[in-house]
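Q: model the following, please.
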Amino acid sequence: MSKPSFLLHVCCGPCSIAIFEELSQNFSVTAHFYNPNIHPAEEYAKRKNEVLRICQDLNIPVVEEEYNTKHWFEKIVGLEDEPEGGTRCVECFKMRLEQAAKYARDNGFEYFGTSLTSGRNKRAEIINPLGIQAGEKYGVKFFEEDWKKGGRQEMARQLIKQKNIYTQDYCGCVYSRLKKYPE
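A: So this is what the prediction gives:
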């Protein structure tokens, strides 16, 4: 019997490495890399390349959608001064989850989910309802999970160290970068 198909939106290697191994036990997983929020382009390339490397090692297919930063900036107009974790982040999560749900529907996936809830500052109680809403909009079942729980963060830390995975030090957008590295 074949495993159900699962599209996992991923933001980076550290957030997804332990999830891939767990999901692959019960699903046929495909990684979905759609992150037009990541700045600058060099950082985007680093994160994408780590995801590609991990997926190649685990024999997981990867779909990369367009790196359209203009679309992201249009979505967050007026939210530039929001604090990290505020409304700007919610809009960013929503945009990426909706794109994942649309891709999942258009390509016949039975489930979709996201690695976003594995981030230490990413709140599952905000992200999961957005995923459910996107799934309902596009007719695809959202796999609701808080990937920080159940020892998964420690497992991810071990895998990151063991496999020498690049770990970023800011969320990804230009505003989170400016907070970390004020000019």
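Q: run a quick neighbour tally on Gly172.
A: Each residue near Gly172 was counted by other Cβ atoms under 10 Å, and the total is 20. C-beta here means a position set from N, CA and C on the backbone, and glycine is covered the same way.
Q: cool, and Tyr103?
A: A count of nearby residues for Tyr103, using other Cβ under 10 Å, gives 20.
Q: for this protein, which segments count as strands?
A: 5-10, 28-33, 62-64, 111-114, 141-142 (DSSP state E).
Q: for the second one, give the mean pLDDT please.
A: Regarding strand 28-33, the rounded mean pLDDT is 98.
Q: buried residues in the lengthiest helix in the chain?
A: Ordering each helix of the chain by length in residues (DSSP state H) puts helix 87-106 first. Judged by neighbour count (16 or more other Cβ atoms under 10 Å), helix 87-106 contains these buried residues: 88-105.
Q: report all helices and strands that that helix contacts.
A: With contacts taken as 3 or more Cβ pairs under 8 Å, 6 or more residues apart in numbering; DSSP states H and E, helix 87-106 sits against strand 5-10, strand 28-33, helix 69-75, strand 111-114, helix 124-138.
Q: what comes up buried for the longest one?
A: Of the residues in helix 124-138, Ala124, Ile127, Asn128, Leu130, Gly131, Ile132, Ala134, Gly135, Tyr138 count as buried by neighbour count, 16+ other Cβ under 10 Å.
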